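Student: all I have is the shape, not the residue letters:
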């Protein structure tokens, strides 16, 4: 699933927590090529990345944890690129959804998914022709980080619960968040931020 930030999530996987602060910079630097994909092979999770916030890698028949929009995109890409793309594409879309929705960027992310589901697919770069929508979710995330001083830390989601189920790293604790017990001074559990 090339066009949804695979390179950005590779940065997070490689560098760990420190990369969560670099993700908006990576998105800006890797941006969209004229074909709608990020630099390099683009996409959001990379081959072998397990879905963050789900019970494990979805099987070939799909997964109950995938949104309908993610499943439609996966099916579209598999129809062009073959069944071997399914597990990676499912993980990629699940990872991205888990990242963008709690930041209030779910609408922008879903606009990209809607476009990408019917877009031409380059099996190395993913959907093409959705530059505006890709810019939309990237800009939303950049604005989120700028406005809140926070970025997602999906690795700590399991430590959050109830009304504040999503982990973030923040420069200061937002009023709507609670400090993550046993976490770094900037670790917080928050509710989903309002959509922008």
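Tutor: Sure thing, it's come through. Quick caveat: nothing in here was measured; it's all calculated off a predicted structure.
Student: now the element after the helix-or-strand element of the chain with minimal mean pLDDT, going C-ward?
Tutor: Within the chain, no helix or strand scores below helix 18-30, which has a mean of 31 by mean pLDDT, DSSP states H and E. Where DSSP states H and E defines the elements, the next helix or strand beyond helix 18-30 is helix 68-81.
Student: and that next one, what does it pack against?
Tutor: Judged by 3 or more Cβ pairs under 8 Å, 6 or more residues apart in numbering; DSSP states H and E, helix 68-81 is in contact with helix 86-100, helix 106-116, strand 121-122, strand 126-127. No exception for glycine: its C-beta is placed from N, CA and C like everyone else's.
Student: one more time with 6 Å, if that's ok
Tutor: Here helix 68-81 touches helix 86-100, helix 106-116, going by 3 or more Cβ pairs under 6 Å, 6 or more residues apart in numbering; DSSP states H and E.
Student: turn these into CSV, including mean pLDDT.
Tutor: Below are the helices and strands packed on helix 68-81 laid out as CSV (pLDDT from 0 to 100):
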stretch, mean pLDDT
helix 86-100, 94
helix 106-116, 97
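Student: which one, of these, ends up nearest to residue 161?
Tutor: Using Cβ to Cβ as the measure, helix 86-100 is the one of the helices and strands packed on helix 68-81 that comes nearest residue 161, at 15.7 Å.
Student: tell me the angle the closest one makes with helix 68-81.
Tutor: 150 degrees (axes from the mean of the first three to the mean of the last three Cα atoms, to 10 degrees).
Student: next, the angle helix 106-116 makes with helix 86-100.
Tutor: Here the directions of helix 86-100 and helix 106-116 differ by 150 degrees (the same axes, to 10 degrees).
Student: renumber starting at 283 from here on
Tutor: Taking 283 as the first residue, the last one we looked at is helix 368-382.
Student: just the buried residues of helix 368-382, please?
Tutor: Within helix 368-382, the residues that count as buried by 16 or more other Cβ atoms under 10 Å are 368-382.
Student: do stretch 351-366 as well
Tutor: Buried residues in stretch 351-366, counting neighbours by 16+ other Cβ under 10 Å, are found at 351-356, 358-360, 363.
Student: stretch 441-458 now?
Tutor: For stretch 441-458, by 16+ other Cβ under 10 Å, it's 442, 446-452, 455-456.
Student: average pLDDT for it, rounded please.
Tutor: Taken as a whole, stretch 441-458 has a mean pLDDT of 92.
Student: residues contacting that stretch, please?
Tutor: 302, 384, 430-435, 438-439, 460, 462, 468, 470-473 (Cβ atoms under 6 Å, 6 or more residues apart in numbering).
Student: apply 7 Å and report the result again.
Tutor: Defining contact as Cβ atoms under 7 Å, 6 or more residues apart in numbering, one finds that stretch 441-458 is touched by 299, 302, 384, 430-436, 438-439, 459-462, 468-474.
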